[in-house]
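Novice: Sequence below, structure please.
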Amino acid sequence: MDCFIDRIKSTYITNIILSHVSENKLLSLFNYNKYLQKKFNFSFEKYQKVSGRYKIIEPDGKGKEYYLYTNVIRFEGEYLKGKRNGKGIEYFYEGQKKFEGEYSQGKKISGIEYNISGDIILTFENGKGEEKYNNGQLQFKGEYYNGVRYNGKVYNINGIEEYEIKNGIGSGIEYDKSGKKIFEGKFYNGLRKSGKEYDDEYGYKGNLIFEGEYNNGLKIFLGREYRLNKMKFEGEYINGYRNGKGKEYFDQNKVIFEGEFLYGLRNGKGKVYSSKNGKIIFEGQFLNGLKNGLGKEFDENNGDVIFEAEYLNGEKNGNGKQYFRKGNKIFEGKFKDNQKFGIGKIYNKNKELLFEGNFVNNEKNGKGKEYLNGNVIFVGQYINGKRWKGEGKEYDENGNIIFEGEYVTGIRWNGKGREKEKENIEQVRYLYGKKRKI
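Specialist: I've put the predicted structure just below:
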């Protein structure tokens, strides 16, 4: 177990602990896995969440935030007690400027917003302001508070009033700058509270992509995701990400995964199901979206266990067992990157040992022994699954030596042995691969 934990240390720290964030003040992962904390001798007390990744926060000063899983800058500017405070700039993922202005306690209070083409789409400060569509038509006119709409009227791209926001509360349709519907539901403090999101997918306009609840504009509690109007996920959210228990779907009613999520990825216990017939094909632990830890694979037709193994980054790494149907073991040993690698044993369907020795890339390589009916019948060297060059011994079913000597490319080359010739046992000698009677 220690070896396995050491191998996942880097992945766990960089991709799970140090790279995932929310807008909360405190580190909610502190109790996620205390064994790993102790193993890594890692203290969370000096860490705090900032939108792009975990970083050590000074009481104030300048800093940068990054998009998840990348080194792409999302924000750079001034902080006070870990929150955006003062001047700052937000960027699109592609690097273009998205917003430039002033912040207070993490909220925008004044500045200019841009679209991805660099056009100004909003100029505001706490107080009055207005927004326009790309065609110049009025989209919103009213008052802002902390950078969001607070009092005013919202219009569609044809200039028709859609709804009114009073003290940050309202309900209606939200449009992007081209006039396309992207949300329909309720607003609180000027931000989404509950409703449905829409987007264009694969050339289809206005497809439903999410329905559920929001907190400060981010998905929270229970929700559902859709693709081409078919449900793809239902489960729990925190701060805009899948967090908690959930299910992923292959089709409207076909579950392909159910288990635990952390910041949008499979993390913790989970089960994977066949898209063909819905039967379970894997059950085990996940980390950062991949199989990591102990797990079992199942035959999708009859449900029999076909593998039990340790996984690292989605592949078998460590100790493992492979089975015939009905639980009969066919192999037990070490794996590396899904290949038999290291010491292992092969069994037949009757649970009898056939071989034990070293493997490389799924083949017998190095020292090994062959068995028949529980007795050793060969001891020697293997290359690519075959008896090869070097010293070796062969035995009959009674354990008697029938050859001892040197092999070349799997052939008896130099040595002595006993062979049955009709009814007689004769002593023979091999010299350069040719058999001679003694």
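Novice: and the gap between residue 142 and residue 103?
Specialist: From residue 142 across to residue 103, the span is 21 Å (Cβ to Cβ, to the nearest Å). All C-beta atoms are positioned from the backbone trio N, CA, C, and that covers glycine.
Novice: what number of residues lie near the residue nearest to residue 268 when sequence neighbours are not counted?
Specialist: Leaving out its chain neighbours, the residue that sits closest to residue 268 by Cβ to Cβ, 6 or more residues apart in numbering is residue 260, at 3.2 Å. Taking other Cβ atoms under 10 Å as the neighbour definition, residue 260 ends up with a count of 18.
Novice: Ok, residue 148 next?
Specialist: Counted by other Cβ under 10 Å, the residues lying close to residue 148 total 17.
Novice: Grab the nearest non-local neighbour of it.
Specialist: Once its chain neighbours are removed from consideration, residue 148 has its nearest residue in residue 190; the separation is 3.3 Å (Cβ to Cβ, 6+ apart).
Novice: show me the contacts for that neighbour.
Specialist: Counting by Cβ atoms under 8 Å, 6 or more residues apart in numbering, residue 190 touches 144, 145, 146, 148, 149, 150, 165, 168.
Novice: ok, for the residue positioned nearest the centre of the chain, nearest residue in space, not its chain neighbours?
Specialist: For the chain, the residue sitting closest to the mean C-alpha position, by Cα atoms, centre = their mean, is residue 289 at 1.4 Å. Nearest residue to residue 289, sequence neighbours excluded (Cβ to Cβ, 6+ apart): residue 265, at 3.9 Å.
Novice: measure the one you found to residue 292 for me?
Specialist: Residue 265 sits 11 Å away from residue 292, going by Cβ to Cβ.
Novice: Likewise for residue 429?
Specialist: To residue 292, residue 429 is 56 Å away according to Cβ to Cβ.
Novice: These two: which is more packed in?
Specialist: Regarding residue 429 and residue 292, a neighbour count based on other Cβ under 10 Å identifies residue 292 as having more, with 25 against 15.
Novice: Pretty sure the more buried one sits against residue 269.
Specialist: No - the pair formed by residue 292 and residue 269 falls short of the contact definition of Cβ atoms under 8 Å, at 11.6 Å.
Novice: Now list whatever residues contact both of those two.
Specialist: Between them, residue 292 and residue 269 share the contacting residues 285, 286, judged by Cβ under 8 Å, 6+ apart.
Novice: Which positions within the host helix or strand of residue 140 qualify as buried?
Specialist: When elements are assigned from DSSP states H and E, residue 140 belongs to strand 138-145. Using 16 or more other Cβ atoms under 10 Å as the test for burial, strand 138-145 gives 139, 140, 142, 143, 144, 145.
Novice: so which of those comes closest to residue 278?
Specialist: Nearest to residue 278 among the buried residues of strand 138-145, counting by Cβ to Cβ, is residue 139 at 45.9 Å.
Novice: Hmm, the closest one is touching residue 122, no?
Specialist: No - between residue 139 and residue 122 there is no contact, the gap being 9.1 Å when judged by Cβ under 8 Å.
Novice: so what sits against both of the two?
Specialist: residue 131.
Novice: can you pull the contacts of residue 237?
Specialist: For residue 237, counting by Cβ under 8 Å, 6+ apart, the contacting residues are 212, 218, 219, 220, 221, 222, 223, 243, 244.
Novice: Show the backbone phi and psi for it.
Specialist: phi -130, psi 150 (degrees, to the nearest 10).
Novice: partners of it in the sheet?
Specialist: In this entry, residue 237 is beta-bridged to residue 221, residue 242, by DSSP bridges.
Novice: Okay, it and residue 190: tell me how far apart.
Specialist: Here the criterion is Cβ to Cβ. By it, residue 237 lies 20 Å from residue 190.
Novice: again with residue 149
Specialist: As defined by Cβ to Cβ, residue 149 lies at a distance of 4 Å from residue 190.
Novice: joint contacts of those two?
Specialist: Both residue 149 and residue 190 are in contact with 165, 168, where contact means Cβ under 8 Å, 6+ apart.
Novice: List of residues touching the helix or strand harbouring residue 208?
Specialist: For residue 208, the enclosing helix or strand under DSSP H and E is strand 204-215. Where contact means Cβ under 8 Å, 6+ apart, the residues beyond strand 204-215 that reach it are 180-181, 191-201, 219-229, 237, 239.
Novice: For the helix or strand hosting residue 369, which helices and strands make contact with it?
Specialist: Secondary structure assignment for residue 369, by DSSP H and E: strand 363-372. Identification of packing neighbours for strand 363-372 by 3 or more Cβ pairs under 8 Å, 6 or more residues apart in numbering; DSSP states H and E yields strand 353-360, strand 375-383.
Novice: Redo these as CSV? Include distance to residue 176, mean neighbour count and mean pLDDT.
Specialist: Converted to CSV, the helices and strands packed on strand 363-372 look like this (distance: least, Cβ to Cβ, whole Å; neighbours: other Cβ atoms under 10 Å; pLDDT from 0 to 100):
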stretch, distance to residue 176, mean neighbour count, mean pLDDT
strand 353-360, 56, 19, 96
strand 375-383, 64, 18, 84
